[in-house]
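Chemist: Here is my input; please provide its structure:
(chains A and B)
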Amino acid sequence: MRTGHFKERTAQLVALSDSKVVWSFAGLLLALVLAAPFLIGNYQVTLLVSAMIAIVGAVGLNMLTGTTGLISLGQAGFLAVGAYTNAILMMDYGWPVWLSMPAAGVVSALVSLLVGVPSLRLKGLYLAITTLAFAFIINHVILYAEWLTHGPNGIFVSGAKVFGVDLQRGKALYYMTFGITVVVVFAALNIQRSRVGRAWMAIRDHDIAARVMGVDLLRYKLYAFMVSSFIVGIAGALISLQIRFVNIDVFALILSIEALAIIILGGLGSIAGAILGAIFLSLLPEAIRLFFDAFADTNSSFYTTYVYEIRGITYGIVIIAFLRLKPEGLIGLWRDVRKYWSNWPLAY
Amino acid sequence: MDFLLLLLASGLVSGAAYGLIAMGFALIFKSTGVVNFAQGELVMLTAYISFTLYSTFDLSFFPLMLVTIPISMAIGLVLERLFIRPMLGEPIFAIVMVTVGLAVVLRGITIMAWGPDPFNFNAGIPTRVVTLGGVPFYPAQLYLIGALGVLTAAGWAFLRFSRMGIAMRAVAANETAALLVGISVSRIHAIAWMLSAAIASIAGVLFAANFKLAPDLWFQGLRAFPAVILGGMDSVIGSAVAGLVIGVIENLFQGYVGQGLREISGFIVIIIVLMVRPFGLFGSKDIERV
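Modeler: Here you go, the predicted structure:
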C-alpha cells in the first residue's frame, strides 16, 4: 500500500508538479474555462471576468504579503494607479490598449518604489499603516490633479480595439482576461520557485536570518514591491476596461480589505489559495443576492439601501470565521480533503 | 495673526479628537500588541448609542456620559471575549486581521441600525459661544480639549501609580514574565479593551457634538493613525500629544498651503517621521535578538 507521496529527486521538488493527474486536471480546467463563454450566459461570463481580474490582483498581492510577508493595506492605491494610467493613456493620449496595459503595470511598479523605499526600515504593522497612508495620498492626488486625472469627474474608457476587435465586449474581454490570468499565474508560480522567490520566503520567515545568509534585504524587498504592484497595476487596467469608467469611488479602502480577505481565506503564501479565495470572494456577493432572492425580497428597500453594508458584514464574518476556524484557508481545507481521500480508510 | 490664532484653535479641537482616538489605539496596542482597526467603528457605535440614550432620556452631558461609558465598556469587554480572546496565541497578523473584519461588521451593523442619514447631536452641551483670548469657542470644543487634558492626566496617573496600571505596563514589557509573577494577562487584555472602548465613547460623543453624527464617523479612526504613529504606538500619553500636533499641522497646511491638503498632510508627516524614527517619536525601540 502507498504510505504517502515521496519526492526522491531534486527535479521532483523543483517541478511545478510531478503528478500527471495534476497536469491533466489543470488541462481539463483550462479547456472548461476556454469553452465556458459558449456554455453559459452573458451575465455569468461577466462574473467570471470579475473573478479572473480578482485572481490577477490577488496573485499580485499574495507575492508581497503572502510570500514576502510585507503586509500591504495599499492595494486599492496600486489598483487605482493601474486603472488611471490605462484610462489616461488610452483616452487622453490615444495609446493602443496593448501598449497602455503594460504601461499601467510599469507605472504602478514605479509608484510602488515611492512607498517601497520609505518602508524598508519598517516592519509589520508600521508598514501596514504606511501603505494605508500611501493609498490615501494616491486617492488624494487623483482627486486634486484634475489636469491629469479629471479629478472627481472620472474617465470613461472605451475603444480598446486590437485588429478591429473590441476588447471590452463579452467574449473578447473574457479571453483577454483569461490569457492574462494564465500568464500571471504561471509567472507567479515560476517566480516562487526561483532564487528570488526563495529569497522572499526567507525574508518572510526571518529577515535577520535571511540577511545573515546573504539575502540583500533592500533589493529583494524592492523586487517584491515592484513585481507585486506591476501585476496589481495590470489588474487595475483590466478593471478600467471591464467597468468602462474609472472614478475614485471604485478604489475605496474596502477594496484593500477585500484583497487581503481574498488571500487570507485562500491561504497566505499559496498561489492556488489566492485563486480559490478570489473565486470565492467574487462570487460571494452573488451568493448573498441569491440568498436574499430565496428568503427575502431583493427589491425590498432594506436590501437596496444596505447592499454595501450587507456585503461588508459578510466579508467581515468570512474573514473572522476563517482566521478562527481554518487559518490555513481554503487551500488548507483542500489539503485536508486530499489527505483524507488518499489515506482513506485510515484517518492519518 | 487672527487667522493664525483661529487655525491653531480649530487645529487643537480636531487634534484633541485625534488624540482621544489615538489614546484608545495605544492603550490596546500597549497591553496586547494588536492594532485595533475597529477603534474607529467603536467610536462610531458608542456615539450612536449615546445619541439614542440622549434622544430617549434627554440627559445633559455629564449624566449622559455616566450612562454611555459603562455601556461602552461592556461592549469592549464583549468584543474582546467573543473575537479576540479565542485568537490568543495566534500570530499578531491574524489577530489584527480579525479586528479588520470586526471593523467592517460593526460599521455595517451601525449603519443598518441607525440609517445612512446624519443626525445633529449636541450631547446636552450648551451652545453659547465663549471667547477665550480673543478667539471664539463653542463650549463643545472646550469640552473636547478638556476631555483630552483630563484623560491624559488620568491615564498618566493610572499607568504610573495604580496597581492595575503597573500590571498593564508589566504585561506590555513582557507578557510571559508578567504571567510568571502572577498577573492575569487575559484580565489585563480585557481591561485594556474596556478602557479603550470607554475612551472611544468619550471621543465619539464629543466629536459628534462638535461636528456631526454621520455614518462616516468611523473614518476618524483612520484619520487618527498619523497621531498614533507620531506618538509611537505603545505610548498612551505620546499619542495624546501627537494628536494635538497632527491636528494643528493639518489646519496650518489647509490654511497656508492648499485647501485639499488637510486630509493627507498628517499622512505625509508620518511617512517622514517613520523614515527618520521607525518607532515614532515617543515609542520604545525594539531590540531584536536572533
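
Chemist: Whichever residue of the stretch 151-300 of chain A sits closest to chain B: neighbour count?
Modeler: Taking C-beta to the nearest C-beta as the measure, the stretch 151-300 of chain A has residue A:208 as its residue closest to chain B, at 5.1 Å. For the C-beta atoms, the positions are set from N, CA and C on the backbone; glycine is no exception. Taking other C-beta atoms under 10 Å in any protein chain shown as the neighbour definition, residue A:208 ends up with a count of 12.

Chemist: Now residue A:201. Nearest residue, chain neighbours left out?
Modeler: residue A:67 (6.1 Å; C-beta to C-beta, 6 or more residues apart in numbering or on different chains).

Chemist: Check residue B:267 too.
Modeler: residue A:133 (3.7 Å).

Chemist: Check residue B:148 too.
Modeler: Per C-beta to C-beta, 6+ apart, closest to residue B:148 is residue B:16, 4.2 Å.

Chemist: do residue A:99 as well
Modeler: Per C-beta to C-beta, 6+ apart, closest to residue A:99 is residue A:89, 7.5 Å.

Chemist: In contact with residue B:75, which residues?
Modeler: Shown in contact with residue B:75 (C-beta atoms under 8 Å, 6 or more residues apart in numbering or on different chains): B:42, B:45, B:46, B:197.

Chemist: Recalculate using a threshold of 6 Å.
Modeler: With contacts taken as C-beta atoms under 6 Å, 6 or more residues apart in numbering or on different chains, residue B:75 has the following neighbours: residue B:197.

Chemist: and it, that one's in a strand?
Modeler: No - read with DSSP: H, G, I helix; E, B strand; the rest coil, residue B:75 is helix and lies in no strand.

Chemist: The top helix by length along chain A close to chain B?
Modeler: Scanning chain A for the helix with the most residues, using DSSP state H, yields helix A:217-243. No - if you take C-beta under 6 Å from any C-beta of the partner chain as the test, helix A:217-243 misses chain B, and the best it gets is 13.3 Å.

Chemist: which is the next helix or strand following that helix?
Modeler: strand A:245-246 (DSSP states H and E).

Chemist: Just the CA trace of the helix or strand just after that next one, in CSV.
Modeler: Using DSSP H and E, the helix or strand that follows strand A:245-246 in sequence is helix A:253-266. Below are the C-alpha coordinates for helix A:253-266, written out as CSV (Å, rounded to 0.1, in the frame of the first residue of the first chain):
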residue,chain,number,x,y,z
LEU,A,253,-10.5,51.4,1.3
ILE,A,254,-12.8,48.4,1.3
LEU,A,255,-11.1,47.2,-1.8
SER,A,256,-7.8,46.8,0.1
ILE,A,257,-9.6,44.9,2.7
GLU,A,258,-11.3,42.7,0.1
ALA,A,259,-7.9,42.0,-1.4
LEU,A,260,-6.5,41.0,2.0
ALA,A,261,-9.6,38.9,2.7
ILE,A,262,-9.1,37.0,-0.5
ILE,A,263,-5.5,36.0,0.2
ILE,A,264,-6.3,35.2,3.9
LEU,A,265,-9.3,33.0,3.2
GLY,A,266,-7.4,31.4,0.3
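
Chemist: How about the stretch 1-150 of chain A: which residue is closest to chain B?
Modeler: Taking C-beta to the nearest C-beta, the stretch 1-150 of chain A has residue A:133 as its residue nearest chain B, at 3.7 Å.

Chemist: Counting neighbours, what do you get for the residue nearest to residue B:148?
Modeler: Neighbours of residue B:16 using other C-beta under 10 Å come to 29.

Chemist: Am I right that it is in contact with residue B:149?
Modeler: No - Residue B:16 lies out of contact with residue B:149 (C-beta atoms under 6 Å); the separation is 8.4 Å.

Chemist: follow-up on the earlier one: which pLDDT value goes with the residue nearest to residue B:267?
Modeler: Residue A:133 is assigned 85 on the pLDDT scale.

Chemist: which SSE is the residue nearest to residue B:148 in?
Modeler: helix B:2-32.

Chemist: any idea how far the residue nearest to residue B:20 when sequence neighbours are not counted is from chain A?
Modeler: The spatially closest residue to residue B:20, leaving aside those adjacent along the chain, is residue B:203, at 3.6 Å (C-beta to C-beta, 6+ apart). Counting by C-beta to the nearest C-beta, to the nearest Å, the separation of residue B:203 from chain A is 19 Å.

Chemist: Run through the residues that contact residue B:203.
Modeler: By C-beta under 6 Å, 6+ apart, the neighbours of residue B:203 are B:20, B:21, B:43.

Chemist: how about residue B:131, phi and psi?
Modeler: Main-chain dihedrals, residue B:131, degrees, to the nearest 10: phi -110, psi 120.

Chemist: any idea how far it is from chain A?
Modeler: From residue B:131 to chain A the distance is 35 Å (C-beta to the nearest C-beta).

Chemist: Report how many residues lie close to that residue.
Modeler: With other C-beta under 10 Å as criterion, residue B:131 counts 8.

Chemist: What count of nearby residues applies to residue 39?
Modeler: I went with chain A, as the question did not name one. Neighbours around residue A:39, by other C-beta under 10 Å: 9.

Chemist: sorry, should have said chain B
Modeler: 32.

Chemist: picking that back up, contacting residues around the residue nearest to residue B:148?
Modeler: Contacts of residue B:16 by C-beta under 6 Å, 6+ apart are B:144, B:145, B:148.

Chemist: My guess is the first one contacts residue B:206. True?
Modeler: Yes - A contact is recorded between residue B:144 and residue B:206 when judged using C-beta under 6 Å, the distance being 4.4 Å.

Chemist: Now the helix or strand harbouring residue B:241: buried residues?
Modeler: Using DSSP H and E, residue B:241 sits in helix B:236-256. Neighbour counts over helix B:236-256 (16 or more other C-beta atoms under 10 Å in any protein chain shown) mark B:236-255 as buried.

Chemist: could you point out which element follows it?
Modeler: helix B:262-276.

Chemist: now for that next one, which elements pack on it?
Modeler: If contacts are counted by 3 or more C-beta pairs under 6 Å, 6 or more residues apart in numbering or on different chains; DSSP states H and E, helix B:262-276 sits against helix A:124-144, helix B:225-231, helix B:236-256.

Chemist: After whichever strand or helix holds residue B:179, which helix or strand is next?
Modeler: In the assignment (DSSP H and E), residue B:179 maps to helix B:175-180. For helix B:175-180, the following helix or strand on the C-terminal side (DSSP H and E) is helix B:185-210.

Chemist: got the contact list for the next helix or strand along the chain from that next one?
Modeler: Moving toward the C-terminus from helix B:185-210, the next helix or strand (DSSP H and E) is helix B:219-223. Residues outside helix B:219-223 that contact it (C-beta under 6 Å, 6+ apart) are B:39, B:40.

Chemist: and the stretch 151-300 of chain A, which residues reach chain B?
Modeler: A:208, A:257, A:264.

Chemist: how many neighbours does the last one have?
Modeler: Residue A:264 sits with 26 neighbouring residues when counted by other C-beta under 10 Å.

Chemist: ok, now which ones touch it?
Modeler: Contacts of residue A:264 (C-beta under 6 Å, 6+ apart): residue B:97.

Chemist: Now do it, the pLDDT please.
Modeler: 86.
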